[in-house]
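Colleague: One predicted model, sequence on top.
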Amino acid sequence: MMDQEQKKEILHAARMWAEAIQSRIVDQILELYDEKAVLWGTLSDVRRDTPDNIREYFNKFVTHEGIKVDFTDNYIRIYEDIAINTGYYTFSWKEENNKVVIPARFTFTYNKKGNQWYIIDHHSSLVPEISVRDNKTINNNE
């Protein structure tokens with residue numbers, strides 16, 4: 001299969017994950033994860049390395065009213081039956097009549113079994129806040 005076709009499959013897997021999050025149906029989310037998957041959730045400092053631990057995270061995560069995720073950047077690499085997608089996404093939801101917006105960065109690692117790409121590793125973290133006074137980020141130009 002051509003590399004471009006596989007990249008389309010990974011973009012589709014990302015869309016399926018976003019749709020599952022927006023459905024707020026935890027079982028639908030968990031179907032996308034391998035039984036040995038590991039999750040570092042965006043809003044947690046706990047590594048989740050069992051299906052029950054991952055379920056616990058998403059049970060809390062999807063309680064946000066009107067939760068939505070938009071992928072804004074995808075950098076995909078394919079290695080036979082392993083694929084890695086790294087980039088940025090933004091979560092948003094309603095909280096007390098206000099819109100909450102959470103910019104985050106991600107890495108999804110997938111393993112292809114049959115015709116399905118399953119998430120085997122998912123790391124998500126908040127995009128660091130940068131203050132003008134204390135700008136200590138490392139950029140390409142430095």
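Modeller: Received the coordinates, thanks. What you see is a predicted model; the values in this text were computed from it and never measured.

Colleague: going forward, measure contacts and count neighbours with C-alpha atoms only.
Modeller: OK.

Colleague: can you give me the helices in this structure?
Modeller: Listed from the start of the chain, the chain has helices (DSSP state H) covering 3-23, 26-30, 51-61.

Colleague: Who are the packing partners of the second one?
Modeller: Using 3 or more Cα pairs under 8 Å, 6 or more residues apart in numbering; DSSP states H and E as the contact criterion, the neighbours of helix 26-30 among helices and strands are helix 3-23, helix 51-61.

Colleague: looking at the ones you listed, which is closest to Ile120?
Modeller: helix 51-61 (11.3 Å; Cα to Cα).

Colleague: how big is the angle separating the closest one from helix 3-23?
Modeller: 60 degrees (axes from the mean of the first three to the mean of the last three Cα atoms, to 10 degrees).

Colleague: From Leu126, how far out is Thr86?
Modeller: For Thr86, the distance to Leu126 (Cα to Cα, to the nearest Å) stands at 14 Å.
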